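Peer 1: sequence-free structure coming up:
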């Protein structure tokens, strides 16, 4: 795996979502996706791929309500596998279960799409080597083409045994209410670069990656924010290489008038559509 998810690149770390029933959600994410449980209480479970690093946290809020329609929030979080062989093993596993899924070749990556039982969107993908990506005028070429399933399955050389230790949170894709204001927040505030456009969507990254964050208005311009106890996104973290880099971002956010709160181990902010973000080192 290339160095798009480690220092000095700025990248997405942990994602925290609400679920309807914690026990059944943990079972799904263990058996279907392949996570391990790192910590668990009666209302919260922290999931990992390597036994150490939190990647996904599930929470069951009090009086949880079903996922609301036509709101801002999570489109999907994206789990990046280390190799095509790992991707092939995961694909074979999913096909054997019969769980509903979608698939696409994006030129820069090969991806599978599914929803958890509560409707939270999940992408599981593998990257093509970056030297195979096509860049023009600062933008990376991406598309949505048919996935060559047979070629991928031909690389499956063993039994699926869960997420490999090198798995990371590759990116996050968000529903927002307005593209220009949210784009300004992620570029002028958080320091990401626009690397691709799609109808009603913008893709952003740091360090030359195809995207760490994507934003779209596919739920409608002006989409409302979901209730706090709704199934969906609570927050996600962005990891900065050091305190100085994060402090510079905090200063830019304050200059933009964005909300910033200092907590013991992180700063908390939210984009103009209410998607909450922890800024960590």
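Peer 2: Here it is on my side, so go on. Keep in mind that this is a model prediction, so the values were computed, not measured.
Peer 1: Which residue ranges of the stretch 1-150 of the chain form helices?
Peer 2: Using DSSP state H, counting those that start in this stretch, the helices assigned to the stretch 1-150 of the chain run over residues 22-28, 84-97, 149-153.
Peer 1: Deepest-packed of those helices, please.
Peer 2: Highest mean neighbour count among these (mean count of other Cβ atoms under 10 Å): helix 84-97, with a mean of 19. C-beta coordinates here come from the backbone N, C-alpha and C atoms, glycine included.
Peer 1: for that one, packing partners?
Peer 2: Where contact means 3 or more Cβ pairs under 8 Å, 6 or more residues apart in numbering; DSSP states H and E, helix 84-97 is packed against strand 109-115, strand 121-127, helix 149-153.
Peer 1: Contact partners for the closest residue to residue 102 other than its chain neighbours?
Peer 2: Distances taken as Cβ to Cβ, 6 or more residues apart in numbering place residue 113 nearest to residue 102, at 4.0 Å, with adjacent residues excluded. Residues near residue 113 by Cβ atoms under 8 Å, 6 or more residues apart in numbering: 76, 101, 102, 103, 104, 121, 122, 123.
Peer 1: thinking again about what came up before, let's have the helices and strands packed on helix 84-97 in CSV, adding distance to residue 27 and mean pLDDT.
Peer 2: Converted to CSV, those look like this (distance: least, Cβ to Cβ, whole Å; pLDDT from 0 to 100):
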stretch, distance to residue 27, mean pLDDT
strand 109-115, 15, 98
strand 121-127, 15, 98
helix 149-153, 26, 96
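Peer 1: Below-threshold pLDDT in the stretch 101-250 of the chain: ranges please.
Peer 2: By pLDDT under 70, the stretch 101-250 of the chain contains no weakly predicted segment.
Peer 1: can you give me the strands in it?
Peer 2: 102-105, 109-115, 121-127, 135-136, 139-140, 168-175, 193-198, 201-205, 213-216, 232-239 (DSSP state E, counting those that start in this stretch).
Peer 1: which residues are in contact with the fifth one?
Peer 2: This points to strand 139-140. By Cβ under 8 Å, 6+ apart, strand 139-140 touches 108, 133, 134, 194, 195, 196, 197, 203, 210, 211.
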